[in-house]
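> Give me a 3D structure for the following:
(chains A and B)
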Amino acid sequence: MPKEIYLVKVGMSMTEGMVSEWFVQDGSQVKKGELVYALETEKVNLDVDADYSGTVKHLVEVGVTLEPGDVVGYIFEAGEDIPDTLAGAPAAASAETKREPEATAPVPAVAAAPETVSASVAASDPVVSQDGHIKSSPAARRLAKELGVDYTRVAGSGPGGRIVEADVQAASQRDAVVPAAPAEIATGPEPKASPLAKRLASERGIDIRSIQGTGPGGRIVQSDIENAAVTGVSTGAAAVSGPRAGERIPVKGMRKTIASRMHHSLQESAQLTMDMEVNMDDVVKMRTSLVEEWANEGVKPTYTDIVIKAVAKALRAHPMMNSQFLGSEIALMTEINVGMAVALPEGLIVPVVRNADQLPIKELAKETSRLAIAAREGALGLDDYAGGTFTVTALGMYGVDSFTPIINEPQTGIMGVNRIFDGVEWNGDKPVKTKKMNLSLTWDHRAVDGAPAAEYLVEVRNLLQSPYRLLV
Amino acid sequence: MSEHNVDVLVIGGGPGGYTAAIRASQLGLSVGLAERAELGGVCLNWGCIPTKSLLHTADVMREAMTAGELGLEISKPKFNLKKVVKRSRDVAAQLSGGISHLMRKNKIIVFVGDAMFQDKNTVVVGDDTIIADNIIVATGARARNLPHIQADGDRVWDARSAMTPTFMPKELLIIGAGAIGVEFASFYNTLGAKVTLVEVMDQILPAEDSEIADLAKQSFIKQGMEVLTGTGVDEVKVTGKTLTALIGGKNRKFDAAILSVGVSGNIEDLGLEAIGVEVDRGFISVDEYQQTSVDGVYAIGDVAGVPCLAHKASHEGIIAVEGIVGEMPHPLNRERIPGCTYSHPQIASIGLSEVQAGERGEIKVGRFPLLANGKAVAVNDTEGLVKTIFDASTGSLLGAHMIGPGVTEMIQGFAVAIGLETTEAELMETIFPHPTLSEAMHESVLSAFGRTINF
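Now for the predicted structure:
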């Protein structure tokens, strides 16, 4: 049985898209995991992997507008009869011809439907491409992915401004490069679920596709959502999808992206971590009064918001920490855009607070809250997760006191936010109960030595110990 | 003395036991069933079914008595108690015969007699020794007596005597206003007895939502009963044909009394202790798959604990059997068992009462009186209310409580809704046919969300 190649859905808002380029010619071989076609939508360009190995047959030609979930071609396994042309293939012009995947599927659609798609979603640069459409060669995009380059921010030198391989190569040496963040949205058929289960899942931001149903016939029922919510909160996103002992989970999609980026970061840079204790008494007091003051407006700053503000403000005075090590030179970034790590059921995502140093705490709190909600709803705009120059990651809510965050390449630093606890300050010989917190700063020793990194950390600590300075 | 080997032996042929036996047979198991009396158990022979026959007689009589309001001229109906009771017994006999047929059809070997465990896999019934991999105890329950009041079958009746009366008491005392007491109260009241219904709890029908129970009480009083709640009967003395009861410090005279103060499990004389089956306050302890403390021994229905309802027993029977064959059944959700009382007016409910639901969190309550239902007006039976209770945050239907005509046939609609975990949205979007009493269910849901149309 040939396997379908689907027009994948990226983002909840995607209603149509097209194959902008076939990387594998009609009748040619593809290996599982290799790029097979380029998806183009209004907002996003994406290179799509093959889920199977075999011979690719195109069902649609380049440029035909289709709906997500439509079949664009098939992969025939070795030994299968391969027709010269596929019956019912819509002509390039007949853009209106829609095919229901179920109708054409020779195998059950559920089994073959792609659950996740492995790809880096490129962020569009509003300056160079208002319409979100970026002309680029597949080879350029592939190289960009390998190098972790956001090619949408690269100026194209090919015909009509098309981005070619050389542009990406050059860009990877320049300071204009910002990392592409992974984005991953699960698609696939909606599972059987009770109306109540659906409502609870949507209210609690749980992806119902990640739930294992225990009702009759595997139907998802209320208790499944409640159990997922309980495990999800305590053990993070992974538990929601319910991995079980003995199971083998294919490394693909978001997991694959995270794995390769984390590993690459540790391999390529000279990163190390140091911790510093901060007296949080004044931050606690300040936050309490801010929460009260802004309650009517529905704005509730978190400790992480205040740390982001301090981190950003301190970067202003320590530009080396807001840099990118590019081999032959170190690029000091002009903007201070702080990424914040958000745990999703599918994995980690890092939306970015732009110009965090210039945002008042109230605006910053609104922005982080918007980003966190959008991240959970899969509604992050492309600009929301591109262009970070430094990252803040918090594990304090789990009671963590120290950890070694991994740098989000090609940035130079990442600040780990830990638990606030009841510590001790000495007033003469008298111990005084004091709110304390550790900061865990990982930095890239290739760009910054220990002393200046410590100076930066001291600056952040001093800001947090005199937090009124963050309000002005 | 003959020896039999079966996969499953069921002890007790009531609605739990015979259902379990049939399901086991359907799943390809060899099945034996032991029964000491009649197939069909209390439900079919001495409970649900024969009382429905009696109550139907009462319903038709009431209709005939009020037929003048519909423009019919019918002379005052009279009953023949012997024939009324005989019909009730015939109905039971007919259905019990049906169960025998079902046993044959499903190749279930029926052993007649008292069952006694020899060990956890061996049971003796009369001359037969049955060796079974799995044994399901479905021995049911019997009417309880009180320490100071015992049924004697003469003037102090248990349910069995109450459904085979040889005379119609003029003054009848009913002790205990649960579903059974209330049904007898309704039957005897309609046939002309002066009924005094006494309940030690603060409301009649203690398992029901208090608002519904209160409406039932008002209706019964309107129909001529005396209803005493929060009241106990301290003493009962029988002298000749007169029964004297001490109620609230006063001696009252009656022709008969019905003792309906609950049931206790039939756990005795089975050899349960010898094989180590744990019991707790008169019922066998089981887990959510009906497993007792002894591997391979299961208990279902009344003997496995309250609520003592036939449909709960059948459902547990299926869970036990499917568990035995490894089908991973879903444990019974005790909050989804509907309950029905076939008095006039009828009462039916499922899920949490308003008080219980309110203790769990914010709720929304919908009410719709049958007075505003077109069909109820047309059929001259407008006494009733449909009450629905929703979780305010999730829209989950937590409980439904109905009183009025036909509600025992309608509650399944809410049972399906709760079983499928619908929210108010699906119920509101459902089209209920017009004109029906069931429209009141729809309106009640709408009312919970301030959207009722016809009230």
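> Indicate the residue of chain A located nearest to chain B.
residue A:194 (3.4 Å; C-beta to the nearest C-beta). Any C-beta I mention is one placed from the backbone N, CA and C, and that applies to glycine too.
> Quick check: nearest residue in space to the residue in the stretch 151-300 of chain B that chain A sits nearest to, chain neighbours excluded?
Residue nearest to chain A within the stretch 151-300 of chain B: residue B:288 (12.8 Å; C-beta to the nearest C-beta). In space, and not counting its chain neighbours, residue B:288 is closest to residue B:331: 3.5 Å by C-beta to C-beta, 6 or more residues apart in numbering or on different chains.
> quick one: the one you found and residue B:277, what's the gap?
Per C-beta to C-beta, to the nearest Å, residue B:331 is found 20 Å from residue B:277.
> SS state for the residue of the stretch 351-455 of chain B found nearest chain A?
The minimum distance from the stretch 351-455 of chain B to chain A, using C-beta to the nearest C-beta, falls at residue B:421 (3.4 Å). Secondary structure, DSSP: H, G, I helix; E, B strand; the rest coil: residue B:421 is coil.
> Who are the contact partners of it?
A:194-197, A:221-222, B:396 (C-beta atoms under 8 Å, 6 or more residues apart in numbering or on different chains).
> Residue B:74: which of the residues you listed is nearest?
Nearest to residue B:74 among the contacts of residue B:421 is residue B:396, at 47.8 Å by C-beta to C-beta.
> May I have the phi/psi pair for the closest one?
phi -70, psi 140 (degrees, to the nearest 10).
> Model confidence score at the residue nearest to it when sequence neighbours are not counted, please.
When the adjacent residues along the chain are set aside, residue B:396 lies closest to residue A:196, with 5.1 Å between them (C-beta to C-beta, 6+ apart). What the model reports for residue A:196 is a pLDDT of 91.
> tell me what the helix or strand hosting residue A:196 is packed against?
Here residue A:196 sits within helix A:195-203, counting by DSSP states H and E. Helix A:195-203 is packed against helix A:222-235, helix B:424-429, with contacts defined by 3 or more C-beta pairs under 8 Å, 6 or more residues apart in numbering or on different chains; DSSP states H and E.
> What is the burial count for the spatially closest residue to residue A:214 that is not a sequence neighbour?
Of all residues not flanking residue A:214 in the chain, residue A:224 sits nearest, at 5.6 Å (C-beta to C-beta, 6+ apart). When neighbours are counted by other C-beta atoms under 10 Å in any protein chain shown, residue A:224 registers 24.
> so who does residue A:224 touch?
A:197, A:211-215.
> which residues in chain B form helices?
With helices called from DSSP state H, chain B shows them at B:15-26, B:41-46, B:48-65, B:81-105, B:159-162, B:179-190, B:210-222, B:272-275, B:310-324, B:354-360, B:374-378, B:407-419, B:424-429, B:439-448.
> Between those helices, which one is closest to residue A:331.
Going by C-beta to C-beta, the one of these nearest residue A:331 is helix B:424-429, 54.3 Å.
> Give me the buried positions along that closest one.
For helix B:424-429, the neighbour count (16 or more other C-beta atoms under 10 Å in any protein chain shown) marks B:424, B:426-427 as buried.
> what does stretch B:435-450 give?
B:436-449.
> Chain A contacts on the stretch 201-350 of chain B?
residue B:330 (C-beta under 8 Å from any C-beta of the partner chain).
> ok, back up a step: give me the buried entries from the contacts of residue A:224.
Among the contacts of residue A:224, those buried by neighbour count (16+ other C-beta under 10 Å) are A:197, A:211, A:213, A:215.
> Make TSV from the residues you listed and add distance to residue B:188 and secondary structure to it.
Shown next, in TSV, are the buried ones among the contacts of residue A:224 (distance: C-beta to C-beta, whole Å; DSSP: H, G, I helix; E, B strand; the rest coil):
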residue	distance to residue B:188	secondary structure
A:197	47	helix
A:211	54	coil
A:213	50	coil
A:215	45	coil
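> re the thing from before, let me have the helices of chain B in a markdown table, adding mean pLDDT as columns.
Putting the helices of chain B into a markdown table (pLDDT from 0 to 100) gives the following:
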| stretch | mean pLDDT |
| --- | --- |
| helix B:15-26 | 97 |
| helix B:41-46 | 95 |
| helix B:48-65 | 97 |
| helix B:81-105 | 96 |
| helix B:159-162 | 96 |
| helix B:179-190 | 98 |
| helix B:210-222 | 98 |
| helix B:272-275 | 94 |
| helix B:310-324 | 96 |
| helix B:354-360 | 96 |
| helix B:374-378 | 96 |
| helix B:407-419 | 96 |
| helix B:424-429 | 93 |
| helix B:439-448 | 97 |
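> Format those as TSV; extra columns: distance to residue A:68.
Formatted as TSV, those follow (distance: least, C-beta to C-beta, whole Å):
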stretch	distance to residue A:68
helix B:15-26	45
helix B:41-46	56
helix B:48-65	55
helix B:81-105	53
helix B:159-162	64
helix B:179-190	56
helix B:210-222	51
helix B:272-275	62
helix B:310-324	41
helix B:354-360	41
helix B:374-378	48
helix B:407-419	34
helix B:424-429	27
helix B:439-448	36
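> burial count for residue B:47?
With other C-beta under 10 Å as criterion, residue B:47 counts 24.
> can you pull the contacts of the closest residue to it other than its chain neighbours?
Using C-beta to C-beta, 6+ apart and skipping residues adjacent in sequence, the residue nearest residue B:47 is residue B:159, 7.1 Å away. Residue B:159 is in contact with B:46-47, B:51, B:143, B:180, B:184, B:258, B:260, counting by C-beta under 8 Å, 6+ apart.
> and of these, the nearest to residue A:82?
residue B:47 (69.9 Å).
> on that earlier part again, separation between the residue nearest to residue B:396 and residue B:332?
As judged by C-beta to C-beta, residue A:196 and residue B:332 stand 19 Å apart.
> Residue A:6 too?
Taking C-beta to C-beta, one finds residue A:6 at 42 Å from residue B:332.
> So those two - more neighbours on which side?
A count of neighbours by other C-beta under 10 Å puts residue A:6 above the other of residue A:6 and residue B:332, at 25 against 17.
> returning to what we had before: need the buried ones among the contacts of residue A:224 in TSV (columns: distance to residue B:103).
As requested, these are arranged in TSV below (distance: C-beta to C-beta, whole Å):
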residue	distance to residue B:103
A:197	40
A:211	43
A:213	37
A:215	33
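> Can you give me every residue that contacts residue B:415?
B:336, B:338, B:350.
> For the buried ones among these, write the corresponding PyMOL selection.
In PyMOL, this line selects whichever of these come out buried by 16+ other C-beta under 10 Å:
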select buried, chain B and resi 338+350
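> Quick one, which of the contacts of residue B:415 has the minimum pLDDT?
Scoring the contacts of residue B:415 by pLDDT puts residue B:336 last, at 92.
> Would you confirm that it contacts residue B:351?
Yes. Judged on C-beta atoms under 8 Å, residue B:336 makes contact with residue B:351 at a distance of 6.9 Å.
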